[in-house]
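In: below is the sequence, then the predicted model.
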Amino acid sequence: MDLSNEHVIHIKGEDCEYLQFRKLLQYSDIISHGYAIGIDKNYRTARAGDKKITSEEYNLAVASYKKICNELDLNYNDIVKTNQNHTDNVRKIEEKVSKDKPDFSVYKETDGLITDKPNLVLSTTNADCILLFLFDPVKKVIANVHSGWKGTLQRISVKAVKKMQQEYGCNPIDIICCMCPSIRKCHFEVDEDVYKMFNDEIKDLKELDDIITKTGDKWHIDTILINRIILNQMGLLKENIIDSGICSVCNKDIIHSFRAEGENYGLNTAIISLK
């Protein structure tokens with residue numbers, strides 16, 4: 001299966017498969033990035049640092065990280081990863097905590113990372129949630145943000161842009177946002193309690209009828225569209241908000257999905273680094 005489309009390229013490397021955004025590849029002299037995929041259960045990407053997993057799973061996760069880093073010519077030891085607790089917290093990273101190994105399980109209650117420092121490999125993971133690469137080619141600032149439905153409700157993507165403004169003086173019109181594969185409206189089906197939370201939070205968006213539709217006693221919500229709208233309202237140009245257009249559930253044969261796999265789900269990994 002080839003997931004390549006007008007926005008992403010599907011690369012089948014020697015040891016792993018990954019996607020890259022065509023827009024970000026225009027800046028390959030400044031940044032490296034990739035979204036690692038693979039349905040093989042041995043490819044349990046980025047569970048490293050989770051104390052709940054077995055040592056075997058941890059070692060498999062480490063091996064997976066090393067594979068994607070090798071493909072992108074990045075140093076595995078430079079990885080900085082969030083703990084992803086479905087918060088709206090975005091952290092500025094100046095340097096690694098650990099000098100000779102990745103920073104796993106260091107950044108508690110954190111779902112987004114930003115930096116202007118080279119050779120820091122910002123990492124997030126998903127199995128349906130939205131992962132966003134943010135890149136300002138003018139100020140040379142990057143961000144990697146995990147926005148599940150709870151993060152979307154809290155508008156973490158907007159808060160990441162605001163932090164890029166506050167910390168580095170970024171101008172939103174310069175910022176490029178690329179949204180990795182995630183669950184889409186076709187499969188993001190929720191009950192009334194979640195519907196009400198979204199309806200209350202986004203009732204100010206005029207596209208509400210396009211965002212939420214009801215089928216029977218369930219609601220389908222377009223979290224990708226929500227992020228596109230609120231980022232555009234924040235000042236990002238529409239042409240700089242780029243969606244992979246890939247649903248994790250529709251492509252469950254190659255992309256890990258919690259909804260499709262259940263409790264024994266694997267994880268996909270998004271990494272980005274300044275050179």
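Out: Received, thanks. If you're wondering where the values come from, they're calculated on a predicted model, not measured in any experiment.

In: M1 and D253 touch, don't they?
Out: Yes: contact criterion CB atoms under 8 Å: M1 and D253 qualify, at 6.8 Å. Where you see a C-beta, it was placed from the backbone N, CA and C, and this is true even at glycine.

In: anything in contact with each of those two?
Out: Here M1 and D253 have no joint contacts, going by CB atoms under 8 Å, 6 or more residues apart in numbering.

In: per-residue pLDDT of the closest residue to I271 other than its chain neighbours, please?
Out: Leaving aside its chain neighbours, I271 sits nearest to S123 (4.9 Å; criterion: CB to CB, 6 or more residues apart in numbering). If you check S123, the pLDDT there is 95.

In: and M179, how close does it get to Y35?
Out: Computed as CB to CB, to the nearest Å, the M179 to Y35 distance reads 10 Å.

In: more crowded one of the two?
Out: For the pair M179 and Y35, the greater number of neighbours falls to Y35 (28 against 25), based on other CB atoms under 10 Å.

In: let's verify the residue most central in space within the chain: helix, strand, or coil?
Out: Centroid check for the chain by CA atoms, centre = their mean gives L131 as the closest residue, at 1.5 Å. When classified by DSSP: H, G, I helix; E, B strand; the rest coil, L131 comes out as strand.

In: so what's it up against?
Out: L131 is in contact with 35, 124-125, 144-147, 179-180, 182, 270, counting by CB under 8 Å, 6+ apart.

In: could you do G245 as well?
Out: G245 touches 5, 7-8, counting by CB under 8 Å, 6+ apart.

In: which of the residues you listed count as buried?
Out: Burial by neighbour count, judged by 16 or more other CB atoms under 10 Å, picks out 7-8 from the contacts of G245.

In: touching, D136 and E167? I think so.
Out: No: at 11.1 Å, D136 does not count as touching E167 under the criterion of CB under 8 Å.

In: comparing those two, which shows the higher neighbour count?
Out: Under the neighbour definition other CB under 10 Å, D136 and E167 were set side by side, and D136 has more, 23 against 15.

In: so what sits opposite that one in the bridge?
Out: The partner list for D136 in beta bridges (DSSP bridges) reads V141.

In: spell out, range by range, the helices that occur in the stretch 51-200 of the chain.
Out: Along the stretch 51-200 of the chain, the stretches classed as helices by DSSP state H, counting those that start in this stretch are 55-71, 149-153, 156-168, 192-201.

In: tell me the helices and strands packed up against the second one.
Out: In terms of contacts (3 or more CB pairs under 8 Å, 6 or more residues apart in numbering; DSSP states H and E), helix 149-153 is packed against helix 192-201, helix 223-234.

In: chain center to the last one, what's the gap?
Out: Here the centre of helix 223-234 is set off from its chain's centre by 15 Å, with CA atoms, centre = their mean, to the nearest Å.

In: could you give the angle of it to helix 192-201?
Out: Interaxial angle of helix 223-234 relative to helix 192-201 (axes from the mean of the first three to the mean of the last three CA atoms, to 10 degrees): 20 degrees.

In: need the contact partners of the next helix or strand after helix 223-234.
Out: With elements assigned by DSSP states H and E, the helix or strand that comes after helix 223-234 is strand 241-243. Strand 241-243 is contacted by residues 7, 21, 23, 176-179, 224, 227-228, 231-232 when judged by CB under 8 Å, 6+ apart.
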